[in-house]
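Student: one predicted model, sequence on top.
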Amino acid sequence: MSRSVNFLLVEDNAGDAFLVKDALENGAIPSTVAVVHDGAAALTRLGDKAQASPDLIILDLNLPKLDGRQVLDALKAHPDWCHIPVVMFSSSDAHNDIVECYRRGASCYVPKPMGLDRFRAVIRSVERFWLEVARLP
C-alpha cells in the first residue's frame, strides 16, 4: 500500500487499546489510529467532517453508551459509512455473538486472544490481511 492508512479503534479497555494502537502504528504499513472509548463517541467522530474518514474500523462488542452491535447497525445504515470494513474484535467467543455480528454486516470477527505475544500476533495478522491481501475501498 502506497499511502498511510487511517484506523478507527473503538475500544473501552485502555490496555487493549494501547496494544492495538502500538501494533498498528509500528506495523509494516504507515498507519494512524484514532481511538475512542465508547460507541457514542465512535459515531460522533465519524460524523465530524473535520476528521479523516477511517479506512478500517476495529470495533469492540461490549462498549459503554452504545454497544458494538448498535454501532455496527448505525455504520451499515449510513450511506457515507456503510462501505467501511468493520473488524469486530471482542473477548467474546460465543457463537451467538459471532453470528449476530456477521448478520449485522461485520466484515470479520476476531476473538481477542489471551497472552501478550498472541494478542500482538493477531493484530499483525489483521493488519497483514486488510492492508496487504485485501483491498480497501
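Tutor: Looks like it arrived, so ask away.
Student: can you pull out the low-pLDDT segments for the protein?
Tutor: Where the chain drops to pLDDT under 70, the residues are 1-2.
Student: report the central residue of it.
Tutor: By CA atoms, centre = their mean, the chain has its centre lying nearest to Ile58, at 0.4 Å.
Student: give the bridge partners for that residue, please.
Tutor: Beta-bridge pairing of Ile58 under DSSP bridges involves Leu9, Val87.
Student: pretty sure Phe89 sits against Glu11.
Tutor: Yes - using CB atoms under 8 Å, Phe89 is in contact with Glu11, at 7.5 Å. Heads up, the C-betas are built off the backbone N, CA and C, glycines and all.
Student: any shared contact partners between these two?
Tutor: Val20, Ile58, Asp60 (CB atoms under 8 Å, 6 or more residues apart in numbering).
Student: coming back round to it: what residues are up against the residue nearest to the centre of the chain?
Tutor: Residues in contact with Ile58 (CB under 8 Å, 6+ apart) are Phe7, Leu8, Leu9, Val10, Glu11, Val20, Val86, Val87, Phe89, Val126.
Student: how about the nearest residue to Leu116 once chain neighbours are set aside, secondary structure?
Tutor: Computed as CB to CB, 6 or more residues apart in numbering, the closest residue to Leu116 that is not its neighbour in sequence is Leu19, at 7.5 Å. What DSSP: H, G, I helix; E, B strand; the rest coil gives for Leu19 is helix.
Student: need the contact list for Ile123.
Tutor: Each residue near Ile123 by CB under 8 Å, 6+ apart is listed here: Leu19, Val20, Ala23, Leu24.
Student: and what of Leu19?
Tutor: Shown in contact with Leu19 (CB under 8 Å, 6+ apart): Leu116, Phe119, Arg120, Ile123.
Student: pull out the buried members of those.
Tutor: Phe119, Arg120, Ile123 (16 or more other CB atoms under 10 Å).
Student: of all the residues you listed, which comes closest to Leu66?
Tutor: Ile123 (23.6 Å; CB to CB).
Student: the closest one should be in a strand, yeah?
Tutor: No - checked against three-state DSSP, Ile123 lies outside a strand; its state is helix.
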